[in-house]
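>>> Need coordinates for the below:
(one chain, ligands or ions: 1)
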Amino acid sequence: MTVTPDTAPDIYSPDSYASGAPHALLAELRRTSPVFWQDMPGTATSKAGGYWAVLRHEDVEYVSQHPEIFSAERGGIVLEDLDEDRLDALRGTLLAMDPPRHRAYRKPLVKSFTARVVGGMEGRIREICREIFARIPDGDVEFVHDVTSSLPTQVIGELMGLPPEDWDHIHRLAERTNSQQDPEVAGNDGYGPGDASREMAMYAVRFAMRRRQELDGAEEPPEDLTTLILESEFGGKLMTDLDFGSFFMQLVTAGNDTTKTMLSGGLHALLTHPDQLAALRADPSLIPGAVEEILRWANPLHYFRRTATRDVELRGVRIKEGDKVAVYYTSANRDEDVFADPQAFDITRKPNPHLSFGFAEHFCLGVHIARLEGRVFFEELLATFPHIELTGEPKRLRSNLNNSLTQLPVRLMRN
Ligand code: HEM
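I've put the predicted structure just below:
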């Protein structure tokens, strides 16, 4: 694809993602303009109204490794400007903290997310998958809602110790928080994404208050992440209930939609590549590699944003202090310098250094949970349903950030 003045490239508009990420355009830009200035609507030529898109694998790693130059805290991690209230709430989450505060908040949590601790959840995750599939009769289902949405909600609900009767409500709030560019998902009831995140934070504040009362003098406190967070010191202080609200919001939203997207995007990738699905059915030991390829090829998040803290040059481009900079995982994952035949979906790809979980400082804390959910889900799905077929066109979320399907009609058969 040639980029000419008549076909001004637009990798910002959510409409450019209507039928999937604009991979041909991204490949062309990686070649011709790997640190690319993208205007945002409303301010056609002013640099204040746009951002630098970082498209090559090596550069995405570089930006992610240098939080002192590329701050997550200064302007947050999405391209749209947030009002001070929402930005302040976001700065209470790991994703939008810079060092040294970021390290002080992340350190106490790391021990709950190691591969060893998470490995202990395998039996329970398998049980949840089996329960979900047992409820599904043979026949036609809408895979996104009927199948994938329950797993991440239950896993996070159990991790945090939330009452099961609240899981659906929390899931819906998380979905709304992440779907602001799609009116069909966000709804037209005047209830915006800001309202959903506020409501979730308020739920968390009430939950923290109740849990503190339970912990007060309890002989056997619940052993979950909520207890750990409420009893740990972050930067030398205990969290207030309000701090907990922001933190909770992050854990719930970070681990929910992304995982759901991996599962539904993954099944879609397999169904549209029947040779790969057949190979997987023939040899289930390929499943862990298939999950990595799903994460690379159908990565749940297209980008995250940083803000330059000083003037800096990247690939010969002058980035000014205060400029927005977006690292594009979607582009880095198909970088020709790193991946052979990068547009191909190949479940045996090795090595597979995709950047779907980010890199360095903010590398996904839930990576082992996500990988475990992915592996166990596909093991159980393929074992339960020997016959799976697409029965219609999938529908995508209108978003330049979340690479999600909102509908995936399939037929699941036990024989
Ligand atoms: C397929 C599923 C998932 C994907 C694709 C994903 C992706 C990401 C990405 C791209 C980042 C930011 C990296 C950066 O800024 O460099 C991140 C951070 C994070 N993720 Fe995940 N994630 C997933 C699942 C989860 C789960 C299941 C949890 C928790 C239960 C989780 C918790 C977090 C947290 C807490 C952070 C912030 C880490 C920090 O800033 O230090 N994620 N994730």
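
>>> Does V35 touch L55 like I think?
Yes - with contact defined as Cβ atoms under 8 Å, V35 reaches L55; the gap is 7.3 Å. Where C-beta positions appear, they are placed from N, C-alpha and C, glycine not excepted.

>>> Enumerate the beta-bridge partners assigned to the residue nearest to A326 when sequence neighbours are not counted.
In this structure, A326 finds its nearest non-sequential neighbour in Y303, 4.4 Å apart by Cβ to Cβ, 6 or more residues apart in numbering. The bridge-partner assignment for Y303, based on DSSP bridges, gives Y328.

>>> Against I156, how distant is the spatially most central residue of the chain?
For the chain, T258 is the residue whose C-alpha lies nearest the centre (Cα atoms, centre = their mean; 3.6 Å). Using Cβ to Cβ, to the nearest Å, we find T258 at a distance of 11 Å from I156.

>>> which regions of the stretch 151-300 of the chain lie under the pLDDT threshold?
178-193 (pLDDT under 70).

>>> ok, now with 90
Counting by pLDDT under 90, the ranges of the stretch 151-300 of the chain that qualify are 153, 159, 167-198, 200-201, 216-221, 223, 234-235, 242-243, 245-257.

>>> quick one: the helices in it?
Taking DSSP state H, counting those that start in this stretch as the test, the helices found in the stretch 151-300 of the chain are 167-177, 183-186, 193-215, 225-231, 241-271, 274-282, 287-297.

>>> for these, which one sits closest to V410?
With Cβ to Cβ, the closest approach to V410 among these belongs to helix 241-271: 7.1 Å.

>>> Report the buried residues of the closest one.
Of the residues in helix 241-271, 241, 243-271 count as buried by neighbour count, 16 or more other Cβ atoms under 10 Å.

>>> pretty sure the residue nearest to the centre of the chain contacts P300?
Yes - under the contact definition of Cβ under 8 Å, T258 touches P300, with a separation of 4.3 Å.

>>> hang on, the earlier thing: comparing V35 and L55, which residue is more hemmed in?
Each of V35 and L55 has its neighbours counted (other Cβ atoms under 10 Å); L55 has more, 27 against 20.

>>> How about the contacts made by that one?
L26, L29, R30, P34, V35, F36, Y328, S331, A332, D335 (Cβ atoms under 8 Å, 6 or more residues apart in numbering).

>>> Now the closest residue to it other than its chain neighbours, what are its backbone angles?
Closest residue to L55 apart from its sequence neighbours, by Cβ to Cβ, 6+ apart: S331 at 4.1 Å. Main-chain dihedrals, S331, degrees, to the nearest 10: phi -80, psi -50.

>>> Now do S331, the pLDDT please.
If you check S331, the pLDDT there is 98.
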